[in-house]
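>>> Could you work out the structure for the sequence below:
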Amino acid sequence: MGCTNSKGQKNAVAQVIEKNQAKNLESSSANPQNLEQQNPDHLTEPSKKPELSNGSLQNLKDAAAPSLANSKVLSHREGSFRNPTRINLTAPPEDTCCYFFGIDSENNKKIFKYNPKKESFSPLEVPANLEIFNMSSCVYISETCIYLTGGTDAQATKLSNKAFVYNPTSGTAESLPPFSIERYAHQAVYFDNHLYVIGGLGTDKPVTETNEDPENVLKSVERYDVKAKTWEALGNLNFRRSLALVIVYQAWIYVLGGYVGHTKRTRTIERLDPQTKQWEIIYFKLPYSLEASFIFCPAPDQVQIVGGQDVSGPVDKNYVYYLKEDNYVSRKAMNHERVLHKGFLYKDKIIVFGGDTDDTIEEYHVSEDEWIKQPSADRAILNEIKLFSYSSPTLLVPHQTEAVVEEDSSPVDRKSKKCFIFGDDEISFILEVNFTKSFVKERTIPSNLKLFGYQGIAALNNGTYILCGGINKASNNISSKCYLYNPQNNTARKIQKCHKPRYTFNLIVMGEYVYALGGRTWGEDNQAILNSCERYNILTNTWEQIANLKYPRCSAMAFHLKNRIYMLGGYKGESERWAGIEIYYPEKNVWDNWKIELKVALEGSSLVMANRRGGIFLLGGRTDDGDTDKIWDFDVEQGDMWEVGNLKEPKSLSKVFEFQERKAFILGGEKQMTEFFDLTESKAIQETEFSNQINENLRLMLLKGRPNTTKIIRFGLA
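Sure, this is the predicted structure:
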């Protein structure tokens with residue numbers, strides 16, 4: 001049982017050059033013994049923590065950032081929180097086409113024209129004076145002006161510092177003066193009568209320092225004055241970057257993400273002041289470390305980022321990043337994982353070409369948030385153009401100066417009974433469910449908040465939420481990171497990491513401490529299931545280890561009563577569960593076996609307090625016979641345990657929120673995403689318009705992932 005941990009990916013260009021087309025890394029994983037009979041896709045366990053080595057990104061950390069002490073900071077927080085906005089794009093004229101430039105597999109220099117009206121490619125004659133390379137960077141100005149800069153031959157052995165202007169209407173080209181540094185896989189942008197070439201891969205100088213990147217990822221930036229017809233060197237980037245994203249926003253040139261060398265990608269953002277010619281780091285960061293993505297602007301102060309490659313390989317991600325708020329919201333994922341794909345705006349849709357293993361085309365309809373596969377007979381061309389450059393216009397992101405306040409974006413108030421549903425790393429979202437006012441609202445996600453599956457989540461008394469640990473979908477990253485999420489201003493901040501990476505553990509808030517108890521970490525059952533415990537001091541932002549449980553357990557049930565913590569049941573390993581209960585005495589820092597046991601060995605049950613005398617309800621869970629739909633009333637003081645009802649279906653690892661006294665909202669299940677239960681009357685609560693609204697919003701969130709599923713036990717609720 002375990003999984004094979006993949007090494008960090010080389011840059012996307014190198015992979016295509018070496019293998020002809022990018023391939024997804026294969027990973028193997030085996031199911032754990034607990035909670036596997038009916039949920040085989042979940043709780044897959046790594047056999048060991050990945051070994052870290054030079055040139056590896058298994059630690060999933062961004063490239064180290066230089067000091068921010070002297071860096072300016074964007075003041076983007078002038079607007080209030082907004083729900084995601086969908087508007088029709090302002091498309092270029094309908095006669096605009098997309099042009100592709102590169103060298104095919106037989107070393108022939110090619111130009112292809114894609115006509116969106118006919119949905120077809122056609123070859124164009126290459127002007128005799130136009131030198132064409134792979135992985136150059138092209139800027140589309142009009143149907144009579146496209147700038148081509150730099151590039152490399154098919155083997156990436158000969159680099160270019162040449163620049164041209166190509167006129168597709170007349171089929172002619174003009175040579176421009178060369179720039180200083182040969183480069184490819186760089187970024188180019190046209191702004192205010194200047195053409196900029198930024199970063200890339202090249203040979204600006206020999207590698208002499210031990211921390212320099214042998215791939216020669218560049219920091220250098222040059223710009224061409226169209227009127228003076230001269231190039232000049234500008235201040236260097238703070239980070240070496242290739243295959244990054246570039247936009248113009250508020251008269252600054254922004255570079256976002258990209259490949260930084262040593263198999264690493266970065267989330268960092270920096271911007272150039274065209275007047276001072278210097279770059280400065282922005283303290284905002286992208287939510288994901290990606291290279292070779294596609295970017296467009298769906299609305300003012302927003303960019304939408306599609307696909308690319310992270311440490312594991314190509315991704316199908318699609319999300320909107322809010323430049324003013326430093327938040328993001330997921331959109332529906334592509335049908336295919338793609339890297340080095342090309343994107344083209346036509347009317348109110350985005351056409352994405354290739355970049356996947358099947359060399360396909362799909363269209364994204366922005367207003368519907370829908371991807372549609374486009375039939376294409378040009379698969380051979382799509383395979384050829386993987387390393388081609390294409391005519392991409394400068395992305396000018398408009399800025400909306402006045403704040404937009406939506407009528408339903410009310411501030412968080414303590415009187416409202418509400419909960420938040422948190423997605424995971426595969427389907428990232430935050431849903432606010434307000435039971436007092438009967439509305440459901442998707443919130444943008446602060447870009448520095450990382451969501452994982454089986455993350456520990458708990459509400460603090462001040463209206464904020466703590467999120468700890470968790471595991472990613474690929475089962476190669478178990479987290480020890482912790483965050484505080486503030487829904488009132490929709491911000492998050494990192495707090496000190498917990499000592500032990502863990503998931504499927506219990507998170508209990510008692511007094512000024514948050515307790516992380518048991519759970520799973522790396523390895524087989526005999527070493528992965530934890531007895532270790534620790535607690536977080538809310539006042540001092542520090543974790544400290546406390547006494548171990550007497551018995552390792554994960555997927556247990558826990559609650560606190562009269563300054564004591566009770567730990568019930570849980571999974572012990574080898575397909576067995578606990579019936580025993582342990583109790584923690586904080587003043588003594590000891591765990592002790594409690595005199596009472598559950599009547600049935602149980603894990604993954606949802607727990608609701610029945611009273612403050614030791615009565616609790618246990619909803620569902622997994623016994624040695626499988627998932628159960630039973631609801632028990634259990635007296636932890638007397639040991640009485642009797643059945644009081646049944647859920648609509650057997651379920652385990654579901655989450656519960658008591659929205660009224662003894663009325664439970666239950667999240668999770670194979671067939672029922674949610675259900676409501678009256679614990680006083682011992683019967684299900686009939687569906688209402690509001691409950692249907694919750695389910696519809698969850699369905700929309702699940703549609704963002706691939707493949708679609710109603711198995712939402714990885715999500716969090718608090």
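
>>> How about the contacts made by Tyr184?
By Cβ atoms under 8 Å, 6 or more residues apart in numbering, Tyr184 lies in contact with 13, 133-136, 150-152, 156, 159-160, 200-202. Backbone N, C-alpha and C define where each C-beta goes, glycine included.

>>> what about Gln15, which SS state?
With DSSP: H, G, I helix; E, B strand; the rest coil as the basis, Gln15 sits in helix.

>>> Leu256: neighbour count?
With neighbours defined by other Cβ atoms under 10 Å, the count for Leu256 comes to 27.

>>> Which parts of the stretch 551-700 of the chain are strands?
Ranges of strands within the stretch 551-700 of the chain are 557-561, 564-568, 571-573, 576-577, 581-585, 590-593, 606-609, 615-623, 626-635, 641-646, 655-660, 663-667, 674-678, 683-684, based on DSSP state E, counting those that start in this stretch.

>>> would CSV of the ones you listed with mean pLDDT be doable?
Below are these laid out as CSV (pLDDT from 0 to 100):
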stretch, mean pLDDT
strand 557-561, 95
strand 564-568, 96
strand 571-573, 95
strand 576-577, 95
strand 581-585, 97
strand 590-593, 96
strand 606-609, 93
strand 615-623, 95
strand 626-635, 95
strand 641-646, 94
strand 655-660, 94
strand 663-667, 95
strand 674-678, 94
strand 683-684, 94
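
>>> would you list those strands in a markdown table and tack on distance to Ile466?
Formatted as a markdown table, the strands of the stretch 551-700 of the chain follow (distance: least, Cβ to Cβ, whole Å):
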| stretch | distance to Ile466 |
| --- | --- |
| strand 557-561 | 15 |
| strand 564-568 | 16 |
| strand 571-573 | 24 |
| strand 576-577 | 27 |
| strand 581-585 | 19 |
| strand 590-593 | 22 |
| strand 606-609 | 18 |
| strand 615-623 | 22 |
| strand 626-635 | 27 |
| strand 641-646 | 31 |
| strand 655-660 | 15 |
| strand 663-667 | 19 |
| strand 674-678 | 24 |
| strand 683-684 | 32 |
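
>>> So which of the ones you listed is nearest Ser367?
Nearest to Ser367 among these is strand 674-678 (27.9 Å), distances taken as Cβ to Cβ.

>>> and the closest one, which strands flank it?
Sheet pairing of strand 674-678 (DSSP bridges) gives strand 663-667 (antiparallel), strand 683-684 (antiparallel).

>>> Show residues contacting that strand.
Residues outside strand 674-678 that contact it (Cβ under 8 Å, 6+ apart) are 619, 631, 645, 647-648, 662-669, 683-685, 687, 691, 694-695, 698.

>>> Which members of these are classed as buried?
Buried subset of the contacts of strand 674-678 (neighbour count, 16 or more other Cβ atoms under 10 Å): 619, 631, 645, 647, 662-669, 684, 691, 694-695, 698.

>>> if we can go back for a sec, tabulate the strands paired with strand 674-678 (JSON lines), appending distance to Val440.
As requested, the strands paired with strand 674-678 are exported to JSON lines (distance: least, Cβ to Cβ, whole Å):
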{"stretch": "strand 663-667", "distance to Val440": "12"}
{"stretch": "strand 683-684", "distance to Val440": "20"}
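
>>> which one of the ones you listed lies closest to Asn461?
It is, among those and with distance given as Cβ to Cβ, strand 663-667, at 20.9 Å.

>>> got the buried residues for stretch 365-378?
Buried residues in stretch 365-378, counted by 16+ other Cβ under 10 Å: 366, 369, 371, 376, 378.

>>> now whatever helix or strand Ala492 lives in, how far from the centre of its chain.
According to DSSP states H and E, Ala492 maps onto strand 491-495. Averaging C-alpha positions (Cα atoms, centre = their mean, to the nearest Å) puts strand 491-495 16 Å from its chain's average.

>>> Tell me who's in contact with the nearest residue to Glu534 once chain neighbours are set aside.
In space, and not counting its chain neighbours, Glu534 is closest to Gln545: 4.8 Å by Cβ to Cβ, 6 or more residues apart in numbering. For Gln545, the contact set (Cβ under 8 Å, 6+ apart) comprises 499, 532-534.

>>> what are the phi and psi angles of Gln545?
When read as degrees, to the nearest 10, the backbone of Gln545 gives phi -80, psi 140.

>>> how close does it get to Arg535?
Taking Cβ to Cβ, to the nearest Å as the criterion, Gln545 is separated from Arg535 by 8 Å.

>>> same thing with Asn11?
43 Å.

>>> for the record, mean pLDDT for the host helix or strand of Phe344?
In the assignment (DSSP H and E), Phe344 maps to strand 342-346. Across strand 342-346, pLDDT averages out at 92.

>>> List the strands paired with that strand, with their directions.
Looking at strand 342-346 with DSSP bridges, its partner strands are strand 349-353 (antiparallel).

>>> in the helix or strand just after the partner strand, what counts as buried?
Downstream of strand 349-353, the first helix or strand assigned by DSSP H and E is strand 361-365. Under the neighbour-count criterion of 16+ other Cβ under 10 Å, strand 361-365 has 361-364 buried.

>>> Make JSON lines from those and add distance to Ala292 and pLDDT to it.
As requested, the buried residues of strand 361-365 are exported to JSON lines (distance: Cβ to Cβ, whole Å; pLDDT from 0 to 100):
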{"residue": "Ile361", "distance to Ala292": "17", "pLDDT": "93"}
{"residue": "Glu362", "distance to Ala292": "17", "pLDDT": "94"}
{"residue": "Glu363", "distance to Ala292": "20", "pLDDT": "94"}
{"residue": "Tyr364", "distance to Ala292": "17", "pLDDT": "95"}
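
>>> where along the stretch 351-500 of the chain do the strands fall?
Going by DSSP E, counting those that start in this stretch, the stretch 351-500 of the chain shows strands at 361-365, 370-374, 389-393, 396-397, 418-422, 430-434, 439-443, 445-446, 456-459, 465-468, 482-486, 491-495.

>>> mind checking which of those is nearest Gln278?
strand 396-397 (21.0 Å).

>>> Could you pull up the mean pLDDT of the closest one?
Mean per-residue pLDDT for strand 396-397: 94.

>>> what's the following helix or strand after the longest helix seen in the chain?
What stands out as the longest helix in the chain, according to DSSP state H, is helix 689-702. Note on helix 689-702: by DSSP H and E, the next helix or strand toward the C-terminus is strand 716-717.

>>> how distant is that following strand from the center of its chain?
For strand 716-717, the distance to the chain centre is 17 Å (Cα atoms, centre = their mean).

>>> and if you look at stretch 311-324?
The answer for stretch 311-324 is 6 Å, by Cα atoms, centre = their mean.

>>> Could you find the closest non-adjacent residue to Ser652?
Gly604 (3.6 Å).

>>> so can I have TSV of the strands of the stretch 351-500 of the chain showing distance to Glu675?
As requested, these are exported to TSV (distance: least, Cβ to Cβ, whole Å):
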stretch	distance to Glu675
strand 361-365	33
strand 370-374	29
strand 389-393	48
strand 396-397	43
strand 418-422	14
strand 430-434	14
strand 439-443	16
strand 445-446	26
strand 456-459	20
strand 465-468	23
strand 482-486	26
strand 491-495	30
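
>>> quick one: Glu370 from Tyr283, how far?
35 Å.

>>> One more: Tyr140?
Distance from Tyr140 to Tyr283, counting by Cβ to Cβ: 32 Å.

>>> Noted, bye for now.
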